[in-house]
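Visitor: let me see the structure of the following:
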Amino acid sequence: MEASNRKLIRPNLNGPKEQSPQRRAPKSKSAPPDQTHAECFYYLKQMQTKTPMVIVLLDGETVHGVIEWYDKSCLKVSRSDGPNLLIYKPSIRYMYKAVS
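Guide: Model prediction:
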């Protein structure tokens with residue numbers, strides 16, 4: 001037989017800690033945002049298109065009109081059949097687009 005150059009495989013006696021690269025602890029996920037701005041986006045879209053809206057208040061009264069501007073706590077609704085109204089958001093049960 002012919003002698004060949006063989007490389008001997010020797011186990012690492014230092015342990016597996018030095019063989020593998022250091023693992024970092026995974027970063028914790030950040031909390032989701034407090035505000036999605038969906039409400040602002042909805043109001044802006046309705047204001048730009050001057051969409052007729054129906055706003056139902058907590059006492060069951062309905063207000064028909066167009067949202068002129070909004071604030072953190074209220075909406076200004078302009079109406080054709082009456083004076084403009086300033087409606088506080090906590091007094092709104094729900095709103096929807098008026099059927100034309």
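Visitor: contacts and neighbour counts: CA atoms only from here.
Guide: Will do.
Visitor: what about the protein, any weak spots by pLDDT?
Guide: Scanning the chain for pLDDT under 70 picks out 1-3, 15-23, 25, 100.
Visitor: let's go with 80 and repeat that
Guide: Along the chain, segments meeting pLDDT under 80 span 1-27, 100.
Visitor: what residues of the helix ranked longest in the chain count as buried?
Guide: Using DSSP state H, we find that the single longest helix of the chain is helix 38-49. Of all the residues in helix 38-49, those buried under the rule 16 or more other C-alpha atoms under 10 Å are 43-44, 46-47.
Visitor: quick check, central residue of this protein?
Guide: In the chain, the C-alpha nearest the mean C-alpha coordinate belongs to Thr36, at 2.8 Å (C-alpha atoms, centre = their mean).
Visitor: state the distance from that one to Gln48.
Guide: According to C-alpha to C-alpha, to the nearest Å, Thr36 stands 20 Å off from Gln48.
Visitor: Ile9 too?
Guide: From Ile9 to Gln48 the distance is 74 Å (C-alpha to C-alpha).
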